[in-house]
Every structure is written in structure tokens, then in C-alpha cells.
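> below are the sequence and a predicted model for it; my questions follow.
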Amino acid sequence: MPGYEIVRFDGDIQLGGGLLMLVKDGIKYIPLTNINSIECQRIEILTKCGKLNIANVYVPPLFSLPNTIIVGDWNAKNKLWNSSYENTRGRIVEQLLVDNRFVVLNTGQPTYQKHDGGMTHLDLTLVPDSLATKCT
């Protein structure tokens, strides 16, 4: 594209994905190290007001793949998995579960010990309802 520099990150060819940013010619930037756990490309733009970080992220359609078990630290609070309170991210995950017919396999036990010794429920294991009775 005339007038722009292409900053490209090729994802896994078999899984799809990949990212591309267009940076207007003349804008000074520095490519930053990618975050290993997610498909992400980052740059830092030098402006008159200081540095500006830009992140371009690709999240694959996890819930649409057949027979998929999704695990991870969601940093989401919801009473469905025995959190003492709910937050916005927890309500979003709950809606994803409903919309995609997934269930949480967690037993209600905390999954993370905080530095002060308290326990919390951050890690979730999600499965489609068709697999739920076959999993523990």
C-alpha cells in the first residue's frame, strides 16, 4: 500500500492467523518482542508526546472448533466456578459458555494461591456440553 510500511507477523500456517500492521511512512517505530502465549505483534511509536505502544492481537475461534477443551488463566470471576464475586470478564465468559454450549469442569476449588496466602479461582477448564459427561 503506497505511503505505508508493512509490519508483518506470520502465524502458524496450519492454524491460520497471522497479523499485519500498516505504519504511515515517516513515522518512527521500533518492533517489540511478541508475547509468547498469544499471537500478537507489538510496536512502539515515538511521538512528540512520548512513546506509544500498539498491540495487534489475533484470537482464533476456539469455541467453534469441534471437540475442543479450553484451559487457561482467564482472570475472570464468576459464582459459576465458586468465585466470591463476579467481574465483567466473568460475565463475558459466562455468556460465551451459554452462547457456545460449553460448560466449566472446575469443581469449585480455588486454583491459585495469592502472595498473601489467600486463594482464588482464576484457572478454568471449559468443554463443549457434548464432552462434559466424559470429562473429570
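Perfect, I can see it now.
> local confidence estimate at Tyr4?
Looking at Tyr4, its pLDDT reads 95.
> okay, and for this protein, where does confidence drop off?
11-17, 34-38 (pLDDT under 70).
> outline the domain layout of it.
Taking automatic domain parsing as the reference, the chain has its domains at 4-58, 62-132.
> so what would you say the end-to-end distance of the shortest one is?
According to C-alpha to C-alpha, to the nearest Å, domain 4-58 extends 21 Å from its N-terminal end residue to its C-terminal end residue.
> find the nearest non-adjacent residue to Glu39, please.
Excluding the flanking residues, the one nearest Glu39 by C-beta to C-beta, 6 or more residues apart in numbering is Tyr58, at 4.4 Å. Backbone N, C-alpha and C define where each C-beta goes, glycine included.
> related to what we said a few turns ago, adding mean neighbour count, write the domains of the chain out as TSV.
Output for the domains of the chain, formatted as TSV (neighbours: other C-beta atoms under 10 Å):
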stretch	mean neighbour count
domain 4-58	12
domain 62-132	14
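> residue ranges for the strands of the chain, please.
4-9, 19-24, 29-32, 39-47, 50-58, 70-73, 102-104, 112-113, 119-120, 123-128 (DSSP state E).
> can you put these in a markdown table and add distance to Ser64?
Converted to a markdown table, the strands of the chain look like this (distance: least, C-beta to C-beta, whole Å):
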| stretch | distance to Ser64 |
| --- | --- |
| strand 4-9 | 23 |
| strand 19-24 | 20 |
| strand 29-32 | 30 |
| strand 39-47 | 17 |
| strand 50-58 | 15 |
| strand 70-73 | 11 |
| strand 102-104 | 11 |
| strand 112-113 | 28 |
| strand 119-120 | 30 |
| strand 123-128 | 10 |
